[in-house]
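Participant: Build me a model:
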Amino acid sequence: MPGADLQLLLAAAQKAGEVAQRYARNGAQAWEKPDHSGPVTEADLAVNALLFDMLGSARPNYGWLSEETEDDQKRLGAEHCFVIDPIDGTRSFIAGEKTWAHSLAITTGSDVTAAVIALPMLGLTYYAEQGSGAFLNQQAIHVSDCRQIDDATVLAAKPALEARHWRLPLPAGLQRRHKPSLAYRMALVAQGEFDAMITLRDTWDWDICAGALIAAEAGARVSDKAGKPLLFNRSDVTSSGVLAANPPLHQQFKDALDL
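Facilitator: Here you go, the predicted structure:
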């Protein structure tokens, strides 16, 4: 039986999916953010408002960090904090695709203790709580057993595999795939559908917080691109890339990267 915090996140993700799918069916106005950090839609803001009200009412003492809310660093004084991406993969949402996700997490200190990644258009809900394993639609999931980088399929943007980022030429057998949502990429590694995921660009907490716990609880080692632990709900809400894979494969990728 999921703990109370995870149950709350699961219920909130369900409600978020209902709101977002209405916009997905009927179309949502979209515009570029003032700081040119990417697009945003009516759906992002509507889901954010729903989650802020629902989660904040249920846990008024928890901090709040969301892509679509101006950061209030009072969260740093809270023992627990919600870390939310209302819609991860907004470009995918605008394009009418199905691979956008709701990413919801709770941190205690700098660690993630409960997490949900939901893709309502695909009927997928990934979730985990610290120390209890990872699940997809109530079924336990685990990372792949691939042990050699030569045989691996990695989720990464094309620039991440450019030769300048690697000590040696990458093995010919390494295959690259891509998904627009960072949260979904991490969930797919947790599920064992892909062997690893890499992003070398700085990443926001809300994109990776939920996925970090879900992947770790599924047996992955999850770190920044240099192999350092990911820490959340700090004053700086970015991490230096992400690398997630089972431990032997994670080590091989880390050793191969030229950082």
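Participant: which secondary structure elements does the helix or strand of the chain with the lowest mean pLDDT contact?
Facilitator: Taking mean pLDDT, DSSP states H and E as the measure, the helix or strand of the chain with the lowest value is strand 30-32, at a mean of 83. On a contact count with 3 or more Cβ pairs under 8 Å, 6 or more residues apart in numbering; DSSP states H and E, strand 30-32 meets strand 39-41. (Each C-beta comes from the backbone N, C-alpha and C, glycine too.)
Participant: Extract the C-alpha trace of stretch 212-227 and format it as CSV.
Facilitator: C-alpha atoms of stretch 212-227 as CSV (Å, rounded to 0.1, in the frame of the first residue of the first chain):
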residue,chain,number,x,y,z
ALA,A,212,15.6,10.2,-10.4
LEU,A,213,13.8,8.3,-7.6
ILE,A,214,11.8,6.0,-10.0
ALA,A,215,14.9,5.0,-11.9
ALA,A,216,16.9,4.5,-8.7
GLU,A,217,14.2,2.4,-7.1
ALA,A,218,14.2,0.3,-10.3
GLY,A,219,17.8,-0.5,-9.8
ALA,A,220,19.5,2.2,-11.8
ARG,A,221,22.4,4.3,-10.7
VAL,A,222,21.4,7.9,-11.3
SER,A,223,23.9,10.8,-11.2
ASP,A,224,24.9,14.0,-12.9
LYS,A,225,27.1,13.6,-16.1
ALA,A,226,30.2,13.4,-13.9
GLY,A,227,28.9,10.7,-11.7
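Participant: how far is stretch 207-222 from where the chain is centred?
Facilitator: 8 Å (Cα atoms, centre = their mean, to the nearest Å).
Participant: on that earlier part again, describe which strands the least confident helix or strand of the chain pairs with in its sheet and in which direction.
Facilitator: Next to strand 30-32 in the sheet, as set by DSSP bridges, lie strand 39-41 (antiparallel).
Participant: Show me what the strand it pairs with is in contact with.
Facilitator: With Cβ atoms under 8 Å, 6 or more residues apart in numbering as the test, strand 39-41 has contacts from 23, 28-33, 68, 87, 90-91, 93-94.
Participant: So for it, mean pLDDT?
Facilitator: For strand 39-41, mean pLDDT is 90.
Participant: And for stretch 196-204?
Facilitator: Stretch 196-204 comes out at a mean pLDDT of 97.
Participant: quick one: contacts of that stretch?
Facilitator: Against stretch 196-204 from outside (Cβ under 8 Å, 6+ apart): 67, 85, 152-157, 159-160, 165, 182, 185-186, 188-189, 225, 237-245, 249-250, 253.
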